[in-house]
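Asker: got a sequence here, can you model it:
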Amino acid sequence: MSVVAIIGAGVMGETLLSGLVRAGRSVGDLLVGEKRRERGVELEERYGVKVVDNVEAARRADTLVLVVKPQDMEDLLAEIRSSVRPGQLVVSLAAGITTAFLEAHLPEGVAVVRVMPNTPALVDEGMSAISRGSHCDENHLVEAESLMDSVGKVSRIPERQQDAVTAVSGSGPAYIFFVVESMIEAGVHLGLPRSTAYELVVQTLVGSAKLLRETGEHPTVLREQVTSPAGTTAAAMRELEDHKVRAAFLAALEAARDRSRELAEGL
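Answerer: Residues are numbered from 1 along each chain as shown. Down below sits the predicted model:
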């Protein structure tokens, strides 16, 4: 089994580490690059994994997973560049960092894969979109897929679609939480205890998501099944249409896509 090193032991880095361990990867084949000694000790005790500095992680790994903030990526690449070699796979989970940027800051011939994950990976229900760099072959893509499979589902996409993916699924959990938050507040306004409103809304969300996944029905069909003519749901849907909620979602996702582009251009 090839050695996988994760550089960046924040929330997403630990989430991936935890998922790989649960998926059956031997801790002997996993490394973590982390500068903070206290954090390293914590991870060693929790997972039994070896924690090393970033340069050693890059030198020893076959697959190197970079899970740092976009603004920290250039410094990290400068730090590890001399330890990275052709034949290695470098997988980046940093939003807005293009494969061209990675390739320009790494030795010629290094295979890179760009990943856009999202936070439901914390409960193994993440959605990750992956895109290949110019030196990436099928084996590299399969390896990247196997990494992200450990925390959810994976889809291959052309890199030109990554900004749209960031808007839809990368930022998507925040939109869902916003809707849930709004429905809970509405329930309280209508006279429900907050705990009851919370339970009703969250279970409705979980059940509706499961219904979508397991039936494979288009959401329009499922919505129409709930919406009786001149009924309560129809009254609510009319208000949502009058307030142009659908158009607001389109505008919001366009804004997120445009901001993703701006952040990439700023690098």
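Asker: now do the helices in the stretch 1-150 of the chain.
Answerer: Residue ranges of the helices in the stretch 1-150 of the chain, as given by DSSP state H, counting those that start in this stretch, are 11-22, 37-47, 54-60, 70-80, 99-104, 138-149.
Asker: now the stretch 151-267 of the chain
Answerer: According to DSSP H, counting those that start in this stretch, the helices that the stretch 151-267 of the chain contains are 162-165, 172-189, 194-215, 219-226, 232-242, 245-266.
Asker: export these to JSON lines and append columns for distance to Arg22 and mean pLDDT.
Answerer: (C-beta placed from N, C-alpha, C; glycine too.) Putting the helices of the stretch 151-267 of the chain into JSON lines (distance: least, Cβ to Cβ, whole Å; pLDDT from 0 to 100) gives the following:
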{"stretch": "helix 162-165", "distance to Arg22": "25", "mean pLDDT": "96"}
{"stretch": "helix 172-189", "distance to Arg22": "21", "mean pLDDT": "98"}
{"stretch": "helix 194-215", "distance to Arg22": "21", "mean pLDDT": "98"}
{"stretch": "helix 219-226", "distance to Arg22": "31", "mean pLDDT": "97"}
{"stretch": "helix 232-242", "distance to Arg22": "40", "mean pLDDT": "97"}
{"stretch": "helix 245-266", "distance to Arg22": "30", "mean pLDDT": "92"}
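Asker: let me see the contact set for the residue nearest to the spatial centre of the chain.
Answerer: Residue closest to the mean C-alpha point of the chain, counted by Cα atoms, centre = their mean, is Pro117 at 1.5 Å. Neighbouring residues of Pro117 by Cβ atoms under 8 Å, 6 or more residues apart in numbering: Met12, Leu93, Gly126, Met127, Ser128, Met148, Val151, Gly152, Gly170.
Asker: how about the nearest residue to Gly48, chain neighbours excluded?
Answerer: In this structure, Gly48 finds its nearest non-sequential neighbour in Val27, 4.8 Å apart by Cβ to Cβ, 6 or more residues apart in numbering.
Asker: distance check, that neighbour against Pro70.
Answerer: 29 Å (Cβ to Cβ, to the nearest Å).
Asker: same deal with Leu77?
Answerer: In this view, Leu77 and Pro70 are 12 Å apart by Cβ to Cβ.
Asker: of these two, who's got more company?
Answerer: Neighbour count, other Cβ atoms under 10 Å: between Leu77 and Pro70, Leu77 has more, with 21 against 16.
Asker: and the gap between the more buried one and Leu66?
Answerer: In terms of Cβ to Cβ, Leu77 sits 8 Å off from Leu66.
Asker: also Val51?
Answerer: 16 Å.
Asker: looking at those two, which one has more neighbours?
Answerer: Neighbour count, other Cβ under 10 Å: between Val51 and Leu66, Leu66 has more, with 26 against 22.
Asker: chain neighbours aside, what residue packs nearest to the more buried one?
Answerer: Leu66 sits nearest to Ser92 (Cβ to Cβ, 6+ apart), 4.7 Å away.
Asker: residues near the one you found, how many?
Answerer: Ser92 has 26 neighbours, counted by other Cβ under 10 Å.
Asker: identify the residues contacting it.
Answerer: Val65, Leu66, Met73, Leu102, Val112, Val113, Arg114, Val115.
Asker: using CSV, lay out these together with pLDDT.
Answerer: Listed next are the contacts of Ser92 as CSV, based on pLDDT from 0 to 100:
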residue, pLDDT
Val65, 97
Leu66, 97
Met73, 94
Leu102, 96
Val112, 98
Val113, 98
Arg114, 97
Val115, 97
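Asker: filter those down to the buried ones, PyMOL style.
Answerer: Buried residues within these, by 16 or more other Cβ atoms under 10 Å, are selected in PyMOL with:
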select buried, resi 65+66+73+102+112+113+114+115
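Asker: chain neighbours aside, what residue packs nearest to Leu200?
Answerer: The shortest distance from Leu200 to any non-neighbouring residue, by Cβ to Cβ, 6+ apart, is to Gly187 (6.5 Å).
Asker: burial measure for that neighbour, as a count.
Answerer: Quick note: Gly187 (other Cβ under 10 Å) scores 18 neighbours.
Asker: isn't it right next to Thr196, touching?
Answerer: Yes - Gly187 is within contact range of Thr196, at 7.4 Å (criterion: Cβ atoms under 8 Å).
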